[in-house]
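Visitor: Have a look at this prediction, sequence included:
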Amino acid sequence: AAAAAAAAAAAAEEEEGGGEAANEVGKKAKRRLKRLSIAELKQLVSKPEVIEPWDVTSADPRLLVNLKSLRNTVPVPRHWSQKRKFLQGKRGVEKPPFALPEFIAATGIEKIRASVMEKENAKKLKGKMKERVQPKMGKIDIDYQVLHDAFFKFQSKPRLSRFGDTYYEGKEHEVQLRQKKPGVASDELQKALGMELGGPPPWLINMQRYGPPPSYPNLKIAGLNAPIPEGATYGYHPGGWGKPPVDEFGRPLYGDVFGTAGAEPAEQLAPSLSRDNWGAVEEDAEGSDDEEEEDEEEEEDEERRCLRLRRRAFFRRSSLESLDSLELELELGDCLRRRRRERRQLCGAARHHADRRSGRGGRDAGHVVRGAATHRRRRRPAAPHRRRPLLAQARV
């Protein structure tokens with residue numbers, strides 16, 4: 001009985017543990033059930049071509065796809081999900097040497113440098129040491145006009161990366177498709193596909209059945225939304241252009257496939273809309289700005305003219321006064337001399353009084369006064385041509 005009870009307890013514990021495991025698996029399964037599939041997500045968005053396999057695992061797949069489909073969106077680099085380090089696969093690959101641009105290589109500078117390097121390597125150690133002490137200039141003899149033309153006439157811009165163009169491993173080995181145009185098959189492609197000269201492409205029948213490519217809505221494809229070439233016929237025989245896509249009433253589905261429609265009418269805009277460039281300056285505004293600038297320039301010229309006339313009148317008046325009022329000038333000169341003499345006398349008296357108060361006596365004061373007097377006597381009058389006009393002194 002005791003053994004049976006222990007076995008029942010163990011069975012109950014196992015059932016509880018199995019139930020917990022089943023609950024854990026159930027949570028993961030619930031998350032997977034709530035997750036959208038790739039096909040469902042492609043049906044819900046407007047640009048399904050941007051969807052990647054891991055987009056369905058995001059918290060909000062629709063928002064993510066909407067952000068990826070916006071214009072000028074830069075994608076995340078591809079190596080974000082790789083476990084190895086970036087550019088780990090390029091280890092051991094020989095890096096090509098640097099090549100000069102074509103417009104510099106055309107000058108022949110590489111050959112001249114190679115010949116100079118050969119001569120340098122052929123020298124002995126003694127010659128190399130002498131060259132270090134006394135280097136020689138002008139070894140590379142090249143016409144500088146050739147270099148000028150290379151940089152200022154034949155220089156070409158380097159190929160730059162486009163907006164959002166990121167590097168990834170093996171990008172340099174991919175085929176450059178910048179020169180290719182959609183809907184135009186090259187001669188090599190036509191030979192590889194076995195197409196006849198002027199014949200239909202092999203994908204035309206599928207396009208007639210499923211519609212034109214959504215990525216190129218304005219692309220004209222003969223036999224689908226444009227008329228076929230002259231002399232060609234519809235049909236499924238060799239060289240035939242399949243069946244034109246029409247509805248039950250015989251009307252084309254995707255465009256003028258029979259070439260019966262007239263010229264497409266010009267796009268008509270609403271009367272309130274215009275095709276003028278946004279932010280363009282109006283002609284009236286430009287005219288008003290030009291007129292304002294002209295008015296300002298005229299005012300400045302008038303001010304300069306008035307200032308020039310004032311200066312001329314001032315100098316003319318001063319010259320006339322200097323000639324006509326000689327007596328006034330002499331009187332002003334006498335007045336100025338008298339003031340200077342009185343100022344000097346006051347200064348000498350003040351010094352004498354200060355010396356007497358300090359106790360030095362009159363000897364020093366008399367010496368100072370006599371020295372100042374002798375200094376005044378010895379002082380020579382200035383030359384006539386160096387004297388400043390007294391009338392000008394009075395004005396200052």
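Guide: Nice, I can see it.
Visitor: show me where pLDDT drops low in the stretch 251-396 of the chain?
Guide: Applying pLDDT under 70 to the stretch 251-396 of the chain picks out residues 262-275, 279-292, 294-295, 298-299, 302, 305-333, 335-336, 357-396.
Visitor: 80 instead?
Guide: Within the stretch 251-396 of the chain, the stretches with pLDDT under 80 are 259-340, 343, 346-396.
Visitor: And the spatially closest residue to residue 73 that is not a sequence neighbour, how far from residue 45?
Guide: When the adjacent residues along the chain are set aside, residue 73 lies closest to residue 67, with 6.6 Å between them (C-beta to C-beta, 6 or more residues apart in numbering). To be clear about C-beta, it is placed using only N, CA and C from the backbone, and glycine gets the same treatment. Going from residue 67 to residue 45 by C-beta to C-beta, to the nearest Å gives 11 Å.
Visitor: try residue 277
Guide: Note on residue 277: its distance to residue 45, by C-beta to C-beta, is 34 Å.
Visitor: more crowded one of these two?
Guide: Here residue 277 and residue 45 are set side by side on neighbour count (other C-beta atoms under 10 Å), and the busier one is residue 45, at 18 against 6.
Visitor: What's the separation between the more buried one and residue 114?
Guide: When distances are taken as C-beta to C-beta, residue 45 and residue 114 turn out to be 59 Å apart.
Visitor: cool, and residue 61?
Guide: For residue 61, the distance to residue 114 - C-beta to C-beta - is 60 Å.
Visitor: the more surrounded of these two?
Guide: Legend: neighbour count by other C-beta under 10 Å for residue 61 and residue 114, higher for residue 61 (19 against 9).
Visitor: What is the burial count for residue 303?
Guide: The number of residues packed around residue 303, counting by other C-beta under 10 Å, is 10.
Visitor: That one: which element?
Guide: Take DSSP states H and E as the rule and residue 303 turns out to sit in helix 283-324.
Visitor: quick one, helices of the chain?
Guide: 2-34, 38-44, 61-68, 102-105, 109-122, 125-133, 144-152, 187-193, 204-210, 283-324, 326-358, 362-378, 390-395 (DSSP state H).
Visitor: Please name every helix or strand in contact with the shortest one.
Guide: Put plainly, it is helix 102-105. In terms of contacts (3 or more C-beta pairs under 8 Å, 6 or more residues apart in numbering; DSSP states H and E), helix 102-105 is packed against helix 144-152.
Visitor: And the average pLDDT for the helix it packs on is what?
Guide: Averaging the model's pLDDT scores along helix 144-152 yields 88.
Visitor: Return the set of buried residues in it.
Guide: Of the residues in helix 144-152, residue 150 count as buried by neighbour count, 16 or more other C-beta atoms under 10 Å.
Visitor: Now do it against helix 109-122, angle only.
Guide: Helix 144-152 and helix 109-122 meet at an angle of 130 degrees, taking axes from the mean of the first three to the mean of the last three C-alpha atoms, to 10 degrees as the criterion.
Visitor: which strands and helices sit next to helix 144-152?
Guide: Identification of packing neighbours for helix 144-152 by 3+ C-beta pairs under 8 Å, 6+ apart yields helix 102-105.
Visitor: For residue 197, report the pLDDT, please.
Guide: According to the model's per-residue confidence, residue 197 sits at a pLDDT of 82.
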